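Asks: mind folding the following:
(one chain, ligands or ions: 1)
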Amino acid sequence: METADRTASASVIVAIDGPSGTGKSSTSKAVAAKLGLRYLDTGAQYRAITWWMLTHGVDVSDAAAVATAADKPTIVSGTDPAAPTITVDGVDVAGPIRTQEVTGNVSAVSAVPEVRARITELQRTIAVTAREGIVVEGRDIGTTVLPDADLKIFLTASPEARAARRSGELRGKEAADLAATRAALARRDAADSSRKTSPLAKAHDAVEVDTTELTLEQVIECVVTLIEEKREKQPA
Ligand code: DC
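Replies: Purely as a prediction, here's the structure:
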């Protein structure tokens with residue numbers, strides 16, 4: 001897509017994709033904060049539309065019903081990496097979108113093409129209007145949403161490492177043991193990778209970073225270096 005209205009020398013669009021538990025959110029937020037870029041969590045947008053469907057009594061197993069309702073909620077994402085926000089029809093849903101109910105239904109809702117079309121359009125608008133540049137994290141950013149991103153990163157990690165990280169994040173909020181977390185992650189990844197419309201996938205020109213043996217700080221450093229190298233090569 002065209003990015004001509006961005007400030008060429010400073011701004012950069014970075015796509016960070018990968019499955020859950022690879023450290024995408026923590027990495028993307030920290031990298032954006034370090035480099036003065038905006039930050040967009042696209043998973044939060046799919047969670048927000050899922051929350052809206054659930055609270056408005058839409059049967060999320062009925063793809064036609066979800067498609068009909070897809071353009072009804074107004075979803076607004078705040079892109080400050082120090083304090084990202086998400087509202088639906090003016091309601092702050094940052095907490096409610098992290099419940100097990102939303103997590104368990106988000107793959108079904110986000111597989112509906114009308115939902116993807118709606119959210120993808122929103123994401124593109126946010127990305128091209130971020131004059132200082134932006135880090136956009138998700139599943140299909142490099143392949144579908146922003147195929148012309150300046151830099152594409154695909155984060156991976158072993159299933160064990162991903163489940164351990166996700167359990168750590170949930171501790172104290174919801175009782176999730178490692179085996180259950182691992183099974184739930186595997187189910188969600190399988191659904192997200194096998195859906196027909198823009199599945200979770202590595203773009204052919206993405207740089208793959210395996211985070212299994214790396215600390216969060218090391219992953220952040222690696223991505224910052226990749227962005228700086230890219231910026232140096234960009235024409236001023
Ligand atoms: O990153 P997350 O776990 O918060 O994402 C929640 C779900 O949203 C994920 O299971 C699949 C969906 N998603 C998607 O389909 N496309 C994206 N770009 C981001 C998330």
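Asks: quick one: the helices in the chain?
Replies: Taking DSSP state H to define them, one finds helices in the chain at 24-35, 42-55, 63-69, 100-110, 113-129, 159-170, 178-194, 216-233.
Asks: most packed of those helices?
Replies: Using mean count of other CB atoms under 10 Å, the stretch among these with the largest mean neighbour count is helix 42-55, at a mean of 23. Where you see a C-beta, it was placed from the backbone N, CA and C, and this is true even at glycine.
Asks: what's the angle between that helix and helix 178-194?
Replies: 100 degrees (axes from the mean of the first three to the mean of the last three CA atoms, to 10 degrees).
Asks: quick check: angle from helix 42-55 to helix 24-35?
Replies: Going by the same axes, to 10 degrees, helix 42-55 makes 130 degrees with helix 24-35.
Asks: got the residues of this structure near the ligand?
Replies: Applying CB under 6 Å from any ligand atom, we find that the chain lies next to the ligand at 20, 42-43, 46-47, 106-107, 110, 138-141, 188, 192.
Asks: kindly recompute the last result at 8 Å.
Replies: 17, 20, 24-25, 41-47, 50, 97, 103, 106-107, 110-111, 116, 119, 123, 137-141, 145, 188-189, 191-192, 195, 198, 200 (CB under 8 Å from any ligand atom).
Asks: which ones are touching the residue nearest the centre of the chain?
Replies: Closest to where the C-alpha atoms of the chain average out (CA atoms, centre = their mean) is residue 138, at 2.6 Å. Going by CB atoms under 8 Å, 6 or more residues apart in numbering, residue 138 touches 15, 16, 17, 41, 42, 43, 123, 145.
Asks: now the lowest-mean-pLDDT helix or strand in the chain, how far from the chain's geometric center?
Replies: Ranking every helix and strand in the chain by mean pLDDT, DSSP states H and E puts helix 159-170 at the bottom, with a mean of 79. With CA atoms, centre = their mean, to the nearest Å as the basis, helix 159-170 stands 17 Å off its chain's centre.
Asks: just stretch 45-61 next, same as before
Replies: Using CA atoms, centre = their mean, the offset of stretch 45-61 from its chain centre is 17 Å.
Asks: likewise for stretch 133-147?
Replies: The answer for stretch 133-147 is 8 Å, by CA atoms, centre = their mean.
Asks: need the contact list for the residue nearest to residue 186 when sequence neighbours are not counted.
Replies: Once flanking residues are discounted, residue 186 sits nearest to residue 159: 6.8 Å by CB to CB, 6 or more residues apart in numbering. With contact set as CB under 8 Å, 6+ apart, residue 159 has these partners: 182, 185, 186.
Asks: again, 10 Å this time
Replies: 19, 21, 182, 185, 186, 189, 212 (CB atoms under 10 Å, 6 or more residues apart in numbering).
Asks: ok, now residue 118?
Replies: Contacts for residue 118 (CB under 10 Å, 6+ apart) come out as 45, 49, 67, 70, 71, 72, 73, 75, 112.
Asks: which of these lies closest to residue 31?
Replies: Nearest to residue 31, judged by CB to CB, of the contacts of residue 118 is residue 45 at 19.5 Å.
Asks: contact partners for the residue lying closest to that closest one once chain neighbours are set aside?
Replies: Nearest non-adjacent residue to residue 45, counting by CB to CB, 6+ apart: residue 119, 5.2 Å away. For residue 119, the contact set (CB under 10 Å, 6+ apart) comprises 42, 45, 46, 48, 49, 70, 75, 109, 110, 138, 145.
Asks: since that was my last question, I'll sign off now.
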